[in-house]
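K.L.:
Sharing a sequence plus its predicted fold:
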Amino acid sequence: DSLKNVSVARELLRHAALGLAANPGVELQPLCIYVRGLLVTHLPPLKAAKSGAGATGAAAGGGSTVAAPVALVGSVRQPATEPGVTSGSGRNPLAHELLAFGVSLLLSALRRSCFSPADPHHLALLEPLLPLLQRAMRADSDAVVSLSLRTVGALMSYPMPSLPEHSTALLERTLAILKRAASAKGSELVSIGVKVVIALLRKPPAVRGGGAGKAPDRRKRKGADAGLEGGEGGGNRDGDGAVDGDDGSDEGADGAESSAERGLEVGGGDGMDEDEGEDDEEEDEDDDGDGYGGGSVAAKLRRKVGGGARLNESQLRWLITFVSVHLDDALLQSSLFGLLRVIFGRQFVLPEIYDLVLVLGDMVMQADASAVRHAAGQLFVTFLLTYPLGPKRLQQHFNFMVTNLNYPVAVGRLSLLSLLTTVIDRLPL
């Protein structure tokens with residue numbers, strides 16, 4: 001465990017990883033079995049936190065339990081490992097190196113597109129590794145955490161059926177990593193973390209409703225998506241503690257704003273589809289001009305992977321603050337706009353979101369890049385079409401657009417005029 005021995009082991013494992021990546025004879029199933037075996041062997045053991053619940057379930061069933069199907073030893077779900085070589089606590093320096101080695105093998109295969117998102121067999125190989133990567137993201141080694149986050153980011157391109165089951169826990173851990181790395185401006189790890197958050201928050205394809213590009217009448221919309229936990233005040237709570245809220249547009253001038261102050265997720269699936277103008281840069285590049293009608297047809301038809309993770313109010317508030325602080329970072333802008341599209345698509349409501357929209361309005365005029373003005377305009381339109389707004393708030397936004405038509409910079413005036421035209425065309429009056 002000396003520093004010299006660990007350095008030698010790291011170099012040996014690096015060369016082994018390069019050799020395995022270059023070897024055409026390495027098959028995916030043995031590779032996944034080997035990676036899972038390394039992770040199972042060297043990750044800290046799970047605490048038996050649910051043992052009490054299991055005992056209760058056995059008692060309720062009359063003392064008999066139904067045995068879970070046991071996977072074949074030597075398969076991905078049950079790799080053959082030797083108890084004598086386990087690292088126990090997972091804090092051993094050599095265990096960290098072996099964990100990093102195993103994760104890097106999987107990441108290399110994903111980057112080389114060895115797995116096909118359309119192949120059920122490949123998805124079955126990857127699924128058992130997802131909860132282990134979640135545990136690896138809690139390792140004491142920064143290298144293991146960084147590699148694990150990058151690997152989870154690569155896995156977000158694969159529609160694994162079990163992703164919604166793990167999405168909330170993965171989101172919690174990813175946000176914890178982002179909080180640690182957020183001070184590093186332009187960090188690649190932050191960018192990857194934001195993209196992971198986008199995929200985890202995006203609704204799974206099976207539960208997405210509504211027609212993309214069709215403007216809903218927010219004054220007729222009722223119901224809730226029950227996706228924001230820990231809301232304060234009114235609304236009906238379901239079994240998970242989520243809050244259902246009405247848009248409050250018929251409750252007077254400030255009814256909608258009072259709903260926003262409670263921290264709700266509103267809308268029932270007939271709002272703007274999350275795929276409309278999604279987070280990838282190439283979608284922005286496909287849109288020519290300064291219109292705000294949505295992304296390209298090819299982008300809309302792409303199947304999006306989503307976890308439908310649940311956010312509590314404090315997590316959402318931190319995310320909005322994070323976006324506000326880093327929105328001027330050119331390296332993160334595309335990802336942050338994608339994150340806002342997903343948040344707006346889920347129709348989370350907090351007072352901070354209403355404040356952020358004012359910043360987006362300024363960016364429509366003041367941003368130097370045409371793509372940034374376009375993305376900010378799309379979000380501004382989405383907000384006006386789908387969020388609960390009282391007459392005073394709505395009038396405030398119209399006054400902003402009209403009074404700034406004399407903005408001294410020509411491109412800013414044109415962007416604002418295009419935005420105003422789109423709002424008038426699409427806003428139900």
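P.N.:
On my side now, so go ahead.

K.L.:
Need the CA coordinates for the stretch of helix or strand L107 belongs to. PDB is fine.
P.N.:
Per DSSP states H and E: L107 is located in helix 93-111. Written as PDB, here are the backbone C-alpha positions of helix 93-111 (Å, rounded to 0.1, in the frame of the first residue of the first chain):
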ATOM      1  CA  PRO A  93      -5.700   2.600  -2.000                       C
ATOM      2  CA  LEU A  94      -5.300  -0.400  -4.200                       C
ATOM      3  CA  ALA A  95      -9.000  -1.000  -4.100                       C
ATOM      4  CA  HIS A  96      -9.500   2.600  -5.400                       C
ATOM      5  CA  GLU A  97      -7.100   1.800  -8.300                       C
ATOM      6  CA  LEU A  98      -9.000  -1.400  -9.100                       C
ATOM      7  CA  LEU A  99     -12.300   0.400  -8.900                       C
ATOM      8  CA  ALA A 100     -11.000   3.000 -11.300                       C
ATOM      9  CA  PHE A 101      -9.700   0.300 -13.600                       C
ATOM     10  CA  GLY A 102     -13.100  -1.500 -13.800                       C
ATOM     11  CA  VAL A 103     -15.000   1.700 -14.400                       C
ATOM     12  CA  SER A 104     -12.500   2.900 -17.000                       C
ATOM     13  CA  LEU A 105     -13.000  -0.400 -18.900                       C
ATOM     14  CA  LEU A 106     -16.700   0.200 -19.100                       C
ATOM     15  CA  LEU A 107     -16.300   3.800 -20.000                       C
ATOM     16  CA  SER A 108     -13.900   3.000 -22.800                       C
ATOM     17  CA  ALA A 109     -16.400   0.500 -24.300                       C
ATOM     18  CA  LEU A 110     -19.200   3.000 -24.100                       C
ATOM     19  CA  ARG A 111     -17.100   5.700 -25.800                       C
END
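
K.L.:
Need the residues that contact that helix.
P.N.:
Residues outside helix 93-111 that contact it (Cβ atoms under 8 Å, 6 or more residues apart in numbering) are 1, 5-6, 9-10, 13, 16-17, 20-21, 28, 31-32, 34-35, 38-39, 41-43, 87, 90, 115, 129, 133, 136, 139-141, 143-144, 147-148, 150-151, 154-155. The C-beta positions use only the backbone N, C-alpha and C, and glycine is treated the same way.

K.L.:
Quick one, which of those are buried?
P.N.:
Buried by 16 or more other Cβ atoms under 10 Å: 9-10, 13, 17, 20, 28, 31-32, 34-35, 38-39, 41-43, 87, 90, 115, 129, 133, 136, 139, 141, 144, 147-148, 150-151, 154-155, out of those.

K.L.:
Quick one: end-to-end length of stretch 112-130, please.
P.N.:
Stretch 112-130 stretches 19 Å from its first residue to its last (Cα to Cα, to the nearest Å).

K.L.:
What residues of it count as buried?
P.N.:
Across stretch 112-130, burial judged by 16+ other Cβ under 10 Å covers 115, 122-123, 125-130.

K.L.:
Which of those fall in helices?
P.N.:
Counting by DSSP state H, the part of the buried residues of stretch 112-130 found in helices is 122-123, 125-126, 129-130.

K.L.:
report the angle between the axes of the helix or strand encompassing L38 and helix 93-111?
P.N.:
Taking DSSP H and E as the definition, L38 sits inside helix 28-42. For helix 28-42 against helix 93-111, the angle by axes from the mean of the first three to the mean of the last three Cα atoms, to 10 degrees is 150 degrees.

K.L.:
As PDB, could you dump the C-alpha coordinates of helix 28-42?
P.N.:
Extracted C-alpha coordinates of helix 28-42, given in PDB (Å, rounded to 0.1, in the frame of the first residue of the first chain):
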ATOM      1  CA  LEU A  28     -19.000  -7.500 -24.200                       C
ATOM      2  CA  GLN A  29     -20.600 -10.100 -21.900                       C
ATOM      3  CA  PRO A  30     -17.300 -11.300 -20.300                       C
ATOM      4  CA  LEU A  31     -16.200  -7.700 -20.100                       C
ATOM      5  CA  CYS A  32     -19.400  -6.700 -18.200                       C
ATOM      6  CA  ILE A  33     -19.000  -9.700 -15.900                       C
ATOM      7  CA  TYR A  34     -15.400  -8.800 -15.200                       C
ATOM      8  CA  VAL A  35     -16.300  -5.100 -14.500                       C
ATOM      9  CA  ARG A  36     -19.200  -6.100 -12.200                       C
ATOM     10  CA  GLY A  37     -16.900  -8.500 -10.400                       C
ATOM     11  CA  LEU A  38     -14.400  -5.800  -9.800                       C
ATOM     12  CA  LEU A  39     -17.000  -3.400  -8.500                       C
ATOM     13  CA  VAL A  40     -18.700  -6.000  -6.300                       C
ATOM     14  CA  THR A  41     -15.400  -7.000  -4.800                       C
ATOM     15  CA  HIS A  42     -13.900  -3.600  -4.100                       C
END
